[in-house]
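J.: generate a structure from the sequence data that follows.
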Amino acid sequence: QVQLVESGGGLVQAGGSLRLSCAASGRTFSTYRITWFRQAPGKDREFVATINGNGALSDYLASVKGRFTISRDNAKNTAALQMNSLKAEDTAVYYCAARFSNDQYYQPALYNYWGQGTQVTVSS
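T.: Coordinates of the predicted model:
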């Protein structure tokens, strides 16, 4: 079992930065893939960024590549999403999610564990 708690959301002007954190419970955090998803009003939940268990491999949604950076600290059972050069279209509720497997990591339906979400609002 893994419990996830996000924090760090808020209101920021376009071009600004936010850092989201995901704190996890459990002693096997390093065995889970961590992925950030987001969901804007009226839209499906969307893959944003993912990182594998040891932190060596990551991947990003094309529209955030070069602006967002995902990271993790397995010693502290935490993951983070650094978001720079934010745009109005980044406005959404952001969720961190965890699962053992690595295939199809962009599919939200395949994730076992979810945080409660944190709102990010970017004003233009």
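
J.: so G15 makes contact with S85?
T.: Yes. Counting by Cβ atoms under 8 Å, G15 touches S85, with 6.1 Å between them. Bear in mind the C-beta positions are built from the backbone N, C-alpha and C, glycine included.

J.: in the sheet, who's paired with L81?
T.: In this structure, L81 bridges to L20, I70 when assessed by DSSP bridges.

J.: measure it to R72 for me?
T.: Distance from L81 to R72, counting by Cβ to Cβ, to the nearest Å: 10 Å.

J.: which residue of those two possesses the greater neighbour count?
T.: More neighbours surround L81 than the other of L81 and R72, with 27 against 23 (other Cβ atoms under 10 Å).

J.: contacts only, for the more buried one.
T.: When contacts are counted by Cβ atoms under 8 Å, 6 or more residues apart in numbering, L81 touches R19, L20, C22, W36, V48, A49, F68, T69, I70, Y94, C96.

J.: hang on, the fifth one packs against A40?
T.: No. Between V48 and A40 no contact is recorded; they are 11.5 Å apart, counting by Cβ under 8 Å.

J.: which one of the two has more residues nearby?
T.: Neighbours per residue (other Cβ under 10 Å) separate V48 from A40, with V48 holding more: 25 against 14.
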